[in-house]
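Trainee: sharing a model prediction with you, sequence too.
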Amino acid sequence: MNMRTFLTLGGATAFAVVLAATSAFNWRTDSVVSERGQTFLPKLASEAGSISAIKVEDGDEKFTIKREGDRFVDASGFPVKPEVVRDLVTSVSVLKIEETKTGDASRHKDLDLASPGAEDGAGKRIVFQDAGGNAISGVIAGKSDYSVGGVGGGQYVRAADSDQTYLVRGTVKLPFSRTGWFDTKLFEVKAENVLKASLDNKESGVVSLTKDGDKLLLADLPEGKLADEDKINRITRLFGSLTFSDVRAKAPGGSAKSGPTVSVETSDGLKVMLVALDADDKQRWVRLEASKTREDARERAVELTSKVEGFEFKLSSYDSELFDWSMTDLIKDPQS
């Protein structure tokens, strides 16, 4: 074989290799994008109106919300925000396949699509069920990918019952935490409308405060001491925007023995009391009780009671500190 023949054959071989590689590349490209534009979960898109329950697994959190009449509630019976349910269902229903990705389960963790609870690369599982408890559709949501066009970018997902993964256009709109499902504001009152406040830690007696001018003043302020205004203002701020970090149903027959209380009375005739029940890692579970101090406040008291009756709420650790306060915590020595 002379050099010219070798080069000719080599060129032909190289051409064949290039042709084969190109064909393989085109096949892979076609395979990757063959489903582009298709709805990711078509059954959910067509049967969204039949959803009666949504099961969520996100890290250590597992919970289910269920339809109750014209609203959805969590396991405690407390209502979830309708717009959160609407946004979640809509966002999953409109996901469109951009690219087909791996079907190898061992690679799920690389896309944060491993089963919830996995040590590495766990995804978030959302399953939509009908009234009979049957799954309509489900998704495991993983990493976001902002290279996909559109304002929200894209996300890696797989159907809850499949190993096949996809990059989709759009993202699953799931609240960042459990509290995101609820309207967490229980009560609010402007500081200037607080007439009285009291604390009772059940160990050192009741501490009472009464409004004088634009301030709440301590009753029985010890001689030679000053009121700690910053601490007193924390009482009014607690009720200024009273929010919770978790909710549970009241235990049958009542919860743990009632503990310390914090309460305020307002200029519009309401008395709102928080009754501590137990603590969970420095966060207090409380019961809220509303009553009237004037007859014209009856309707407002009934409205607030109907909202919170049958439920117990967890406060932040910062707000929970108030239930342990005594007079000693609300006073300080004069500055020298």
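Mentor: Received, thanks. Numbers count the residues shown, from 1 in each chain.

Trainee: so what's the residue count around the spatially closest residue to G310 that is not a sequence neighbour?
Mentor: Closest residue in space to G310, ignoring its immediate chain neighbours: K250 at 5.2 Å, by CB to CB, 6 or more residues apart in numbering. C-beta: built from backbone N, CA, C; applies to glycine. Per other CB atoms under 10 Å, the neighbour tally for K250 reads 16.

Trainee: in terms of contact, does L216 touch F239 like I think?
Mentor: No. If you go by CB atoms under 8 Å, L216 and F239 don't touch, sitting 11.5 Å apart.

Trainee: convert the C-alpha atoms of stretch 138-147 to CSV, please.
Mentor: Provided in CSV are the C-alpha atoms of stretch 138-147 (Å, rounded to 0.1, in the frame of the first residue of the first chain):
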residue,chain,number,x,y,z
GLY,A,138,-47.2,13.7,41.2
VAL,A,139,-43.9,15.5,40.7
ILE,A,140,-40.5,15.5,42.3
ALA,A,141,-39.0,19.0,42.0
GLY,A,142,-35.3,19.5,41.9
LYS,A,143,-32.7,22.1,40.9
SER,A,144,-33.6,25.3,39.1
ASP,A,145,-32.0,26.1,35.7
TYR,A,146,-32.1,29.7,34.7
SER,A,147,-30.7,29.0,31.2
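
Trainee: and that stretch, what's buried?
Mentor: Residues of stretch 138-147 classed as buried: G138, V139, I140, A141, G142, D145 (neighbour count, 16 or more other CB atoms under 10 Å).

Trainee: chain center to it, what's the gap?
Mentor: Centroid displacement of stretch 138-147 relative to its chain, using CA atoms, centre = their mean, to the nearest Å, is 18 Å.

Trainee: can you give the contact residues for that stretch?
Mentor: With contacts defined as CB atoms under 8 Å, 6 or more residues apart in numbering, stretch 138-147 is touched by 40-41, 92, 95, 108, 111-113, 115-116, 121, 123-128, 153-161, 165, 167, 171-172, 174.

Trainee: which of those count as buried?
Mentor: 40-41, 92, 95, 108, 111-113, 116, 121, 123-128, 154-160, 165, 167, 171-172, 174.

Trainee: so of those, which ones are in strands?
Mentor: Counted as lying in strands by DSSP state E, out of the buried ones among the contacts of stretch 138-147, are 124-128, 154-159, 165, 167.

Trainee: what's the closest of those to F311?
Mentor: Distance to F311 across those (CB to CB) is lowest for I126, with 24.8 Å.

Trainee: so S147 sits in a strand?
Mentor: No. Under DSSP: H, G, I helix; E, B strand; the rest coil, S147 sits outside any strand and is assigned coil.

Trainee: now it. Its backbone dihedrals?
Mentor: phi -80, psi -20 (degrees, to the nearest 10).

Trainee: and the pLDDT at it?
Mentor: Note on S147: pLDDT of 89.

Trainee: walking through the stretch 1-150 of the chain, point out its strands one by one.
Mentor: 53-58, 61-68, 71-73, 96-100, 124-129, 135-145 (DSSP state E, counting those that start in this stretch).

Trainee: so what strands line up beside the longest one?
Mentor: Strand 135-145 has the following sheet partners, assigned by DSSP bridges: strand 124-129 (antiparallel), strand 154-159 (antiparallel).

Trainee: for stretch 280-291, buried residues please.
Mentor: Neighbour-count burial for stretch 280-291 flags Q283, R284, W285, V286, R287, L288, E289, A290, S291 (criterion: 16+ other CB under 10 Å).

Trainee: as TSV, those with secondary structure, pLDDT and distance to D74 would be great.
Mentor: Formatted as TSV, those follow (DSSP: H, G, I helix; E, B strand; the rest coil; pLDDT from 0 to 100; distance: CB to CB, whole Å):
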residue	secondary structure	pLDDT	distance to D74
Q283	strand	94	18
R284	strand	94	20
W285	strand	95	16
V286	strand	96	18
R287	strand	95	18
L288	strand	97	18
E289	strand	96	22
A290	strand	97	22
S291	strand	97	27
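
Trainee: possible to save these as TSV with distance to V264?
Mentor: TSV is the format used below for the buried residues of stretch 280-291 (distance: CB to CB, whole Å):
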residue	distance to V264
Q283	21
R284	17
W285	20
V286	14
R287	16
L288	12
E289	12
A290	11
S291	12
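
Trainee: closest to K196 among those?
Mentor: Of all the buried residues of stretch 280-291, K196 sits closest to S291, with 13.1 Å by CB to CB.

Trainee: got the contact list for the closest residue to that closest one other than its chain neighbours?
Mentor: Among residues not flanking S291 along the chain, K271 sits closest, at 4.9 Å (CB to CB, 6+ apart). Going by CB under 8 Å, 6+ apart, K271 touches S263, V264, E265, A290, S291, K292, T293.

Trainee: Produce a PyMOL select command limited to the buried residues of those.
Mentor: The following PyMOL line selects those of those that are buried, judged by 16+ other CB under 10 Å:
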select buried, resi 263+264+265+290+291+292
